Structure formats: structure tokens, C-alpha cells
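> Sequence first, predicted coordinates after that:
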Amino acid sequence: MSPILVPLLALSIPIVAIVLRAVQRLQDIEAIAQARRGQQDQRFRCFDDLERRVTQMERHVTSPEFDLNRKLNQLAQR
């Protein structure tokens, strides 16, 4: 075994540890970012559902049938 291999091998151990720690941190950051994206997607789906429901209510309230129902209720209360 060459005498230079021992110090190179000894120095490579901490270098590998530092690199692996950096890789682990990047993976942790990516996992956090992915979780946040999932939360955002869920919020957007919720907003889409609310928007759909409001659109349906607006359509119903502005329809002629709604006005007719209101007039029938007014007549029934007299």
C-alpha cells in the first residue's frame, strides 16, 4: 500500500461526511417544500370548490325561478 493512500483515505472520510450531510439537508428542504406544495394544492382545491358553489348560488338567485319562488312565498304569507 502506498504511503500517500493512508492520509488520502483519512481525509476522504470527513469530506464524505460533509457531503452526505449537505445532501441530507437538501433532501429535508425538498421534503418540506413538497409538503407545502401539497398544502397549497389542498387550499386551491378548497377555493375551487367554494367558487363552484358560489357560482351555483349566483345562478340560482338570478334565475327567474328564484324570483317566482319569492313571489309565491310573499303571496302565501298574505
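Looks like it arrived, so ask away.
> which of the residues in the helix or strand bottoming out on mean pLDDT in the chain are buried?
Least confident helix or strand, the chain: helix 64-77 with a mean of 81, by mean pLDDT, DSSP states H and E. Buried residues in helix 64-77, counted by 16 or more other Cβ atoms under 10 Å: none are found. For every residue, glycine as well, the C-beta is placed using N, CA and C.
> Which of the three states applies to residue 3?
Put simply, residue 3 is coil when judged by DSSP: H, G, I helix; E, B strand; the rest coil.
> What are the phi and psi values at it?
When read as degrees, to the nearest 10, the backbone of residue 3 gives phi -70, psi -20.
> Quick check: pLDDT value at it.
On the pLDDT scale, residue 3 is placed at 85.
> Roughly how far does it sit from residue 14?
Distance of residue 3 to residue 14, computed by Cβ to Cβ, to the nearest Å: 20 Å.
> So if I had to pick from these two, which one is more boxed in?
residue 14 (9 against 6; other Cβ atoms under 10 Å).
> distance of that one from residue 27?
To residue 27, residue 14 is 20 Å away according to Cβ to Cβ.
> Low-confidence ranges, this protein, go.
Counting by pLDDT under 70, the chain contains low-confidence residues at 1.
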